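Novice: Quick one: sequence plus predicted model below, questions after.
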Amino acid sequence: MRWRLPSAPDANLRHYPDGVKLTGIEFSPAMLEIARQAAADLSRTIDLRVGDAQALEFPDESFDTVVCTLALCTIPDDRAAVSEAKRVLRPGGRFLLLEHVRSPNAAVRLCERLLDPLAVRFEATTSSENRFDHLHAEGFEIQQQIRSKLGFVERIAARKPAGQVAAV
């Protein structure tokens with residue numbers, strides 16, 4: 001018997017309702033192939049492309065929603081990625097994030113600190129960084145912020161204010 005850890009595409013794609021037009025980017029061609037297979041397994045038609053979240057190749061204000069799952073920690077300039085999400089969102093568009101964060105629980109925090117060198121070795125950042133400060137700096141309105149019971153995973157729903165248009 002073979003076991004495979006679920007990749008982000010496996011974990012996410014099944015939750016989108018039928019009829020939603022999906023576009024996905026992935027920096028790694030190998031991970032993009034996993035996403036393509038997951039889409040095929042679910043009989044979903046999805047526009048999947050190699051791309052860089054720091055420099056999205058989409059027109060301004062072209063999406064209603066941007067979803068970012070456990071990715072900001074691996075993007076070298078996560079502030080640029082948040083800025084790009086804002087640029088491609090239509091006014092009033094939603095930015096949905098799920099990220100790991102530093103837990104307020106002392107025992108969990110100790111485990112996180114022990115794992116930080118491993119994260120750095122694999123070119124991810126540590127969970128101590130507060131990536132959500134970028135949302136405020138970019139003018140997003142935080143609508144919902146939920147932390148997991150152990151406090152190391154946080155979900156955020158933010159909205160680009162309706163009066164904001166992309167900078168020219």
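Specialist: Noted; the coordinates are in hand.
Novice: Please identify which helix or strand holds the spatially most central residue of the chain.
Specialist: Geometric centre of the chain, nearest residue: C68, 1.6 Å, by Cα atoms, centre = their mean. C68 belongs to strand 63-69 when assigned by DSSP states H and E.
Novice: Would you mind measuring the gap between the ends of stretch 34-47?
Specialist: 14 Å (Cα to Cα, to the nearest Å).
Novice: Which positions in the helix or strand containing A81 come out as buried?
Specialist: For A81, the host element (DSSP H and E) is helix 78-88. Going by neighbour count (16 or more other Cβ atoms under 10 Å), the buried part of helix 78-88 is 78, 80-88. (C-beta placed from N, C-alpha, C; glycine too.)
Novice: farthest pair in the residues you listed?
Specialist: Within the buried residues of helix 78-88, D78 and V88 form the most distant pair, 15.9 Å apart (Cβ to Cβ).
Novice: the strands in this structure, which residues?
Specialist: For the chain, the strands defined by DSSP state E cover 22-26, 46-50, 63-69, 89-100, 141-147, 153-159.
Novice: Would you mind pulling the contact partners of the fifth one?
Specialist: Going back to what we said before, that points to strand 141-147. With Cβ atoms under 8 Å, 6 or more residues apart in numbering as the test, strand 141-147 has contacts from 101, 132, 135-136, 153-161.
Novice: which one among the residues you listed gets closest to P59?
Specialist: Nearest to P59 among the contacts of strand 141-147, with distances taken as Cβ to Cβ, is K160, at 15.1 Å.
Novice: Number of residues surrounding the closest one?
Specialist: For K160, the neighbour count with other Cβ atoms under 10 Å is 25.
Novice: Would you agree it is in contact with G92?
Specialist: Yes: using Cβ atoms under 8 Å, K160 makes contact with G92 at a distance of 6.5 Å.
Novice: any idea of the angle the helix holding A81 forms with strand 63-69?
Specialist: In terms of direction (axes from the mean of the first three to the mean of the last three Cα atoms, to 10 degrees), helix 78-88 departs from strand 63-69 by 160 degrees.
Novice: Off-centre distance for helix 78-88?
Specialist: Centroid separation for helix 78-88 versus its chain: 11 Å, with Cα atoms, centre = their mean, to the nearest Å.
Novice: what angle sits between it and strand 22-26?
Specialist: Following the same axes, to 10 degrees, one obtains 160 degrees for the angle between helix 78-88 and strand 22-26.
Novice: so what does helix 78-88 touch, helix or strand wise?
Specialist: For helix 78-88, the elements it packs on are strand 63-69, strand 89-100, helix 133-137, judged by 3 or more Cβ pairs under 8 Å, 6 or more residues apart in numbering; DSSP states H and E.
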